[in-house]
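Peer 1: One predicted model, sequence on top.
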Amino acid sequence: AAVYEQEYGQKPGEMVLRIAEHILKVGKMLTELGQKDAREGKRAYSATFFPALVVKAFRLDMEKAREMVQAVADLWQSDYMDGYNDI
């Protein structure tokens, strides 16, 4: 929130904060899932899984929000792989 305020000169709205919290919460869950999958010897999810997850989680149209979807998908894949590679 502080970075947003510094960059845009105002505090982020309540909706922006809730979305950011959701992104972080899911990221933590994905890190834990990555750890679990690695412990169980499962293959890691492919890169195509994560954009689909973002589209579903936020009910987005991939064609209209491609950059945002990919940015969140990259973050979530990184969270998952951090957990997966941690074991």
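Peer 2: Looks like it came in fine.

Peer 1: Go ahead and flag the most central residue of the chain.
Peer 2: When C-alpha atoms, centre = their mean is applied to the chain, the residue found nearest the centroid is residue 76 (3.3 Å).

Peer 1: Hmm, that residue is touching residue 52, no?
Peer 2: No: under the criterion of C-beta atoms under 8 Å, residue 76 makes no contact with residue 52, lying 10.8 Å away. Yep, even glycine has a C-beta here, placed from its N, CA and C like the rest.

Peer 1: still on that earlier bit, next, the residue nearest to the centre of the chain: secondary structure please.
Peer 2: Per DSSP: H, G, I helix; E, B strand; the rest coil, the secondary structure class of residue 76 is helix.

Peer 1: tell me the contacts of it?
Peer 2: The neighbourhood of residue 76, defined by C-beta atoms under 8 Å, 6 or more residues apart in numbering, consists of 23, 26, 27, 30, 50, 53, 54.

Peer 1: closest to residue 67 among these?
Peer 2: The shortest distance between residue 67 and any of the contacts of residue 76, using C-beta to C-beta, involves residue 54 and amounts to 11.5 Å.
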